[in-house]
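*Asks:* Kindly return the folded structure for what I paste below:
(one chain, ligands or ions: 1)
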Amino acid sequence: MAGTILANTLLNAGKSIKVIDNNHNSAATKAAAGLINPITGRYFAKSWNIENLLPIAEDCYRDLEKQLQAQYYTSVNIYRALFTIEDANNWSLRVQDERYEQFASNGEEKCNLYKLTNPTESLALIQRGARVAISKLIQDYKQFLTQKNQLLSETFDFSKLQISTDQVIYKSVQAKGIIFSEGYRLTENPYFNYLPIAPAKGESFVLSTKCKWDKSKVLKHQQYLVPISENQLWSGGGFKWKFEDEAPTQDYFDKQSEALRNFVKFDYEIANHLAGVRPCMKDRKPVIGQHPKYNTLFVFNGMGTKGTSLAPWCAKQFVDFLLYNKTISPEVNCERFAKYFD
Ligand SMILES: Cc1cc2nc3c(=O)[nH]c(=O)nc-3n(C[C@H](O)[C@H](O)[C@H](O)COP(=O)(O)OP(=O)(O)OC[C@H]3O[C@@H](n4cnc5c(N)ncnc54)[C@H](O)[C@@H]3O)c2cc1C
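*Replies:* This is a model prediction of the structure:
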């Protein structure tokens with residue numbers, strides 16, 4: 001996702017690019033719902049920088065829709081089950097808080113999701129959410145790059161990279177610079193593996209169902225239920241900081257299929273079980289910018305749990321820096337980790 005959005009932002013700025021990608025199966029993007037949720041977490045906190053991220057994300061995905069003649073971006077209302085009176089009271093405080101005015105509302109009366117799942121204390125309504133068909137988008141974009149002869153489908157071989165102060169050469173490709181955007185595989189990058197990444201594995205199900213689910217409504221109950229096509233819902237999440245491998249696990253399957261049976265009241269089948277590893281940084285912020293020693297090497301990574309909303313804004317920051325010498329916001333600039341580099 002990160003590489004795709006950045007590639008397109010660079011192309012739109014008139015740059016010529018070559019993308020190298022090995023299409024690995026545990027890429028986070030392949031398991032993701034593509035949800036943009038302005039209020040998350042146990043404490044109903046507004047997502048970092050969300051007011052700035054939202055308009056740039058919508059412009060970016062709408063632009064890709066025009067370019068690739070497909071639909072990716074859907075505005076959604078996110079209904080969040082409130083399980084206890086304490087949760088309901090905390091949510092009421094958000095609804096009354098003017099900083100949350102455009103995002104927080106009460107959900108019950110406007111929502112029929114109660115009929116489809118087990119009722120809870122009440123429902124919160126999170127407004128200004130969106131869902132991006134991110135898996136389809138990256139596939140379509142790969143095809144677009146292939147047609148333009150701008151994609152090398154292979155694993156990057158670091159031993160073939162020649163670096164100098166005004167260019168890099170990789171096999172037959174000569175360029176002014178190289179930007180690394182390998183998700184959690186950043187750990188294998190000899191130039192940027194000093195950055196403090198904390199990869200977090202997540203898993204998800206694709207559910208097939210005949211239940212008529214309104215495309216513009218997402219439910220966060222014991223798990224998310226996100227409509228991804230006419231008769232499919234995405235359900236998933238979960239964080240594992242320690243994991244043996246990147247594959248879907250039996251443990252997740254058993255626990256989450258039981259959880260689904262307990263709160264879902266319509267018929268469905270589990271059509272697919274996916275797993276991916278999120279590129280989370282220790283401070284939970286993206287990491288973008290220039291290498292501390294080699295001025296032709298760059299990083300664009302750390303999208304963590306929120307790549308769909310973060311990547312377009314970060315791509316703009318990055319391109320403004322690269323082409324127009326603007327400063328990257330210190331909160332996402334890789335310079336903040338310079339002390340780890342020796
Ligand atoms: C279960 C789950 C649910 C999620 N849900 C959401 C959600 O609803 N909304 C949201 O915003 N985010 C969500 N996320 C997080 C989101 O998936 C990430 O923020 C985002 O996908 C990160 O994108 P990325 O491009 O940085 O990494 P990746 O998707 O991991 O992509 C890395 C790319 O680099 C390539 N690559 C790596 N190493 C090499 C190499 N050596 N040579 C060549 N190519 C290489 C890979 O093939 C891959 O294409 C979810 C994640 C998971 C796991």
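*Asks:* any idea how far the residue positioned nearest the centre of the chain is from residue 155?
*Replies:* For the chain, the residue nearest the mean C-alpha position is residue 307 (2.6 Å; CA atoms, centre = their mean). Counting by CB to CB, to the nearest Å, the gap from residue 307 to residue 155 is 21 Å. In short, each C-beta sits where N, CA and C put it, glycine included.
*Asks:* re the thing from before, how far away is the residue nearest to the centre of the chain from residue 122?
*Replies:* Residue 307 is 31 Å from residue 122, by CB to CB.
*Asks:* And residue 149, by the same measure?
*Replies:* Distance, residue 149 to residue 122, by CB to CB: 55 Å.
*Asks:* What of residue 263?
*Replies:* As judged by CB to CB, residue 263 and residue 122 stand 15 Å apart.
*Asks:* picking that back up, so what's the residue count around the spatially closest residue to the residue nearest to the centre of the chain that is not a sequence neighbour?
*Replies:* In this structure, residue 307 finds its nearest non-sequential neighbour in residue 1, 4.8 Å apart by CB to CB, 6 or more residues apart in numbering. Residue 1 has 25 neighbours, counted by other CB atoms under 10 Å.
*Asks:* next one: residue 282
*Replies:* Residue 282 has 13 neighbours, counted by other CB under 10 Å.
*Asks:* before we move on, what about the one 10 residues further on?
*Replies:* Here the number of neighbours of residue 292 (other CB under 10 Å) works out to 18.
*Asks:* State the helix or strand in which it lies.
*Replies:* For residue 292, there is no host helix or strand (DSSP states H and E).
*Asks:* show me what contacts it?
*Replies:* Applying CB atoms under 8 Å, 6 or more residues apart in numbering to residue 292 gives the contacts 335, 338, 341.
*Asks:* And these, which is closest to residue 314?
*Replies:* Distance to residue 314 across the contacts of residue 292 (CB to CB) is lowest for residue 335, with 14.5 Å.
*Asks:* For the residue nearest to residue 307, give me its contacts.
*Replies:* Applying CB under 8 Å, 6+ apart, the residues near residue 1 are 28-29, 32, 134, 137-138, 303, 307-308, 311.
*Asks:* CSV please, covering these and showing pLDDT.
*Replies:* Output for these, formatted as CSV (pLDDT from 0 to 100):
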residue, pLDDT
28, 95
29, 95
32, 96
134, 96
137, 97
138, 96
303, 98
307, 98
308, 98
311, 98
